[in-house]
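S.K.: model this:
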Amino acid sequence: MKSEIVDKIIIKVTSFLNILNIIGRSNKNYVNKDNIFYLPLNYVEFLHKDIIQIYKKSEDPIAKGYMSKSNLEFILEYVKDIYNNSKSKETKLINKAAFIFYHIAVKHPFTDGNKRTSIIACSAFLEHNGYSIRHISFRDSRKFITEVAKGNKSEQECQKFIKKYISKYIIPKEIEKAVAEYIKLKNN
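M.R.: All right, here's what the predicted structure looks like:
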């Protein structure tokens, strides 16, 4: 199985899971006063675990485990306190997403799969907050994140990269209605 195909599949599946979470979100514990949703540790661990499962039988398998759980905890806590004075909510979200993107790739909290987790966590953060990274080629994203992980790109370059590809995330009304009905049935 080619890594490129698997990467595209996991991004689409994660996107769908984020839609389910956005529509059915009943737990507001991760939303702050500015109405920004922050990724909890267990959510990023879940994303990483999914990446490991999907790549288990690929040409590029990923080993599970932490190099430094405290690095991931630091990233997910510190992102709440930075860039809060940005002029617009979109700029604030871009900067915070870039922080997540950059620091997971560079601080290497997991033994393996940090680049993929970095991209997926960045995308999930944006989607939960009404934005997405769209129309980016696999090659461009892989080349960029590899350069980030090598230390050849800065957090500010990550901000520019995300800004280039960000768009308002619109959940089609049919999907929103169907998911809301499913959640209503499930809760009864």
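S.K.: F144 should be in a strand, yeah?
M.R.: No - the assignment for F144, made by DSSP: H, G, I helix; E, B strand; the rest coil, is helix rather than a strand.
S.K.: what count of nearby residues applies to D50?
M.R.: 16 (other Cβ atoms under 10 Å). Backbone N, C-alpha and C define where each C-beta goes, glycine included.
S.K.: and it, its phi and psi?
M.R.: phi -60, psi -40 (degrees, to the nearest 10).
S.K.: tell me the spacing between it and Y43.
M.R.: To Y43, D50 is 11 Å away according to Cβ to Cβ, to the nearest Å.
S.K.: how far away is the residue nearest the centre of the chain from E174?
M.R.: By Cα atoms, centre = their mean, the chain has its centre lying nearest to A121, at 2.0 Å. Separation of A121 from E174 (Cβ to Cβ) stands at 28 Å.
S.K.: how many residues are close by Y169?
M.R.: 18.
S.K.: and the closest residue to it other than its chain neighbours, which of the three is it?
M.R.: Excluding its sequence neighbours, the residue lying closest to Y169 (Cβ to Cβ, 6 or more residues apart in numbering) is S132, at 4.3 Å. At S132, secondary structure determined by three-state DSSP is strand.
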